[in-house]
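1. can't give you the sequence, but here's the structure:
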């Protein structure tokens, strides 16, 4: 079951825009300083990783987090960029 992620965006001190996005409604890009891109998304209850060479691998949520969380640390600041986009579900 997908639990929504609450995203709060502060436009100024007084207003907060609240949006809800489920994890199967987004695509997560890990982009390295060298330009290599890893793409992560959840389809039909399964997380997948697409490498910069186009290789697609299935992964568990724990494996996905083990790739994502280190990139969020100070150690990787400036070396990795993370971009999240809402998916167009057709």
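-> Alright, I've got the coordinates. Computed from a predicted structure; not experimentally measured.

2. drop to CA atoms for contacts and neighbour counts, all remaining ones
-> OK.

3. distance of the nearest residue to residue 80 once chain neighbours are set aside from residue 77?
-> Excluding the flanking residues, the one nearest residue 80 by C-alpha to C-alpha, 6 or more residues apart in numbering is residue 32, at 4.5 Å. For residue 32, the distance to residue 77 equals 11 Å [C-alpha to C-alpha, to the nearest Å].

4. More neighbours: those two, which one.
-> Comparing residue 32 with residue 77 by other C-alpha atoms under 10 Å, the one with more neighbours is residue 32, at 16 against 10.

5. can you pull the contacts of the more buried one?
-> For residue 32, the residues meeting the contact criterion (C-alpha atoms under 8 Å, 6 or more residues apart in numbering) are 79, 80, 81.

6. What does the pLDDT read for it?
-> For residue 32, the pLDDT comes out at 91.

7. quick one on the thing from earlier: kindly indicate which of the contacts of residue 32 lies nearest residue 20.
-> Comparing the contacts of residue 32 against residue 20 with C-alpha to C-alpha places residue 81 closest, at 22.3 Å.

8. Now for the residue lying closest to residue 33 once chain neighbours are set aside, how many residues are close by?
-> The shortest distance from residue 33 to any non-neighbouring residue, by C-alpha to C-alpha, 6+ apart, is to residue 79 (5.0 Å). Number of residues near residue 79 (other C-alpha under 10 Å) recorded here: 12.
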